[in-house]
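> The following comprises the amino acid sequence and a computationally predicted model.
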Amino acid sequence: MSAVNDTKFQPAVFLLTGILGQEDVQVWISIPFCFIYVTSILGNSVILFIIKTDPKLHEPMYLFLSMLAITDLGLSISNMLTTLGIFWFNFREISHDACFAQLFVGHSLMFTQSSVLLCMAFDRFVAICNPLRYASILTPNRIAKMGLVSLLRGVVLTFPLPILLKRYWYCKDNILSHSFCLHQEVMKKACSDIRVNIVYGFFVSLSSLGLDSLLILLSYVMILKTVLSIASHTERLKALDTCVSHVCVVLLSYVPAIFFSVIYRFGQSSSPLVQNVVGNVYSLILPLMNPIVYSVKTKPIRGIFSKRRLTRRISTCDMEDKILICLRNC
C-alpha cells in the first residue's frame, strides 16, 4: 500500500490504556495512585520550603537537592493529569500535539534529573576529596550555572524527539499501553521508517543516563579511595554517611531507568504489562521516595522536622496551660 493511501488511516488521537488488563478495577487503583501523587507533591514542596526558609541550608548540597525536588514535582505533575483522567473519568483520548508535548516534558525532566544527580555526585566528590576548596569551587553563581546547564541539556537532547515523531504517519493502531505518552511507545505506532528515532534515542540514552551513571560511579571510586586513606574509623563513617542519601536516590533513579530502556529496546517479547509497571514505577515511586530518603537520612532536614514538631507541642502545652488558668480564675 502506498504512502498516499496510508494517510487516510491517520488517527486523529492516541488512546491511553492506563494499567493494561486492569481496566475494570482502575477506579480502585486510582486511590493509591492519587495518594502517591499528592504525597510526592507535598513532600517535594515541603523540602523546597524548608531549604528556602532556613538560611543554614543555603549550601551547595541542599541547593542541588532543591533542583532535584523541582524535577520530581515536574515529573509528577506532567503525568498526573492524564493518569487520573483515565482512572476517574475514563478520558483516554489525547491529541498528537498534546502527546508529543507530554513526552517532551517528561523526557526533558528525566534527562535533567540525571544531570542534577551527576552534579550532586560532584558536590560530594569536592566535599570529601577537596574540602578546603569546597566553598570556593561550588559558589552560588556556579551552582546556578550548573542547574541551568542541566536544564538546557535535558531540553536540547529531547527537542528532536517530538519533531521527528511529528513527521511520521500513524496508520497503525493508535493504542498506547500506558497512562501517559512515552517516545518508545509512540514511535512503534508509526508506519514510516523509524530507524532515525531508534538510533537517536539510543544515542540520547547513552549520552545522558549512560554517561552520567559512569561519571557518578567514577566519582564514588575516587571518594572511596579518599575515605579509605583517612586514619580515623569515625571520620570514615562520617564522610560516607554524607553520601548515603545520594547513593540511595541514584539507585532508585538509574535501576528502573536502565531496566525500562533495556526492556523497550531488547525485550521485544516482554509483556506490555511489565513495561507499563516499570514506567509507572519510574514516574510515581521516584518522586515519592526522594523526599523520604533525604528527610530520613539527612540530619539537618530531620532535625528541622523534629524541632518544628517540638515547637508545636510546646505551643499546644502553653495553650492548654492558659486555658486551665482561665478556667481556675473563672
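Looks like it arrived, so ask away. Residues are numbered from 1 along each chain as shown.

> Look up which helix or strand the residue nearest the centre of the chain falls in, please.
Nearest to the mean C-alpha position of the chain, by Cα atoms, centre = their mean, lies Asp72 at 4.3 Å. Using DSSP states H and E, Asp72 maps to helix 60-89.

> in that helix, what's buried?
Neighbour counts over helix 60-89 (16 or more other Cβ atoms under 10 Å) mark 60-76, 78-80, 82-87 as buried. C-beta coordinates here come from the backbone N, C-alpha and C atoms, glycine included.

> do the same with stretch 232-248
Residues of stretch 232-248 classed as buried by neighbour count (16+ other Cβ under 10 Å): 236, 239, 242-243, 245-248.

> Identify the residues contacting that stretch?
61, 117, 120-121, 124, 127-128, 220, 223, 226-228, 230, 293-294, 297-298 (Cβ atoms under 8 Å, 6 or more residues apart in numbering).

> Now list the buried members of those residues.
Those of the contacts of stretch 232-248 that meet the buried threshold are 61, 117, 120-121, 124, 127-128, 220, 223, 226-227, 293-294, 297-298, by 16+ other Cβ under 10 Å.

> Excluding chain neighbours, what is closest to the residue nearest to the centre of the chain?
Of all residues not flanking Asp72 in the chain, Pro287 sits nearest, at 3.7 Å (Cβ to Cβ, 6 or more residues apart in numbering).

> and what of Val27?
That would be Phe87: by Cβ to Cβ, 6+ apart, it lies 6.4 Å from Val27.

> Distance-wise, check the residue nearest to Ala12 when sequence neighbours are not counted relative to Ile175.
Among residues not flanking Ala12 along the chain, Ser95 sits closest, at 7.3 Å (Cβ to Cβ, 6+ apart). Distance, Ser95 to Ile175, using Cβ to Cβ, to the nearest Å: 15 Å.

> Between the two, which is the more surrounded one?
Ile175 (15 against 11; other Cβ atoms under 10 Å).

> just checking, the more buried one touches Leu15?
Yes - using Cβ atoms under 8 Å as the test, Ile175 is close enough to Leu15 to be in contact (4.9 Å).

> ok so Ile19 is a helix residue?
No - Ile19: not assigned to a helix; according to DSSP: H, G, I helix; E, B strand; the rest coil it is coil.

> what's the burial count for it?
Neighbour count of Ile19, defined by other Cβ under 10 Å: 21.

> so who does it touch?
Counting by Cβ under 8 Å, 6+ apart, Ile19 has contacts 26, 29, 179, 273, 276, 280.

> Tell me if I'm right that the second one and Leu84 touch.
It stands for Ile29. No - shown here, Ile29 and Leu84 do not form a contact pair, counting by Cβ under 8 Å, at 10.7 Å.

> low-scoring stretches of the stretch 51-200 of the chain, by residue?
For the stretch 51-200 of the chain, applying pLDDT under 70 flags the ranges 172.

> Run through the strands of it in chain order.
Ranges of strands in the stretch 51-200 of the chain, per DSSP state E, counting those that start in this stretch, are 93-95, 175-176.

> wait, is Phe14 part of a helix?
No - under three-state DSSP, Phe14 falls outside any helix and is assigned strand.

> Spatially, which residue comes closest to Tyr168, not counting chain neighbours?
Nearest to Tyr168 is Ala190, by Cβ to Cβ, 6+ apart, at 3.8 Å.

> follow-up on the earlier one: look up the residues forming beta bridges with the residue nearest to Ala12.
Val13 (DSSP bridges).

> That one: what's it in contact with?
By Cβ under 8 Å, 6+ apart, the residues touching Ser95 are 12-14.
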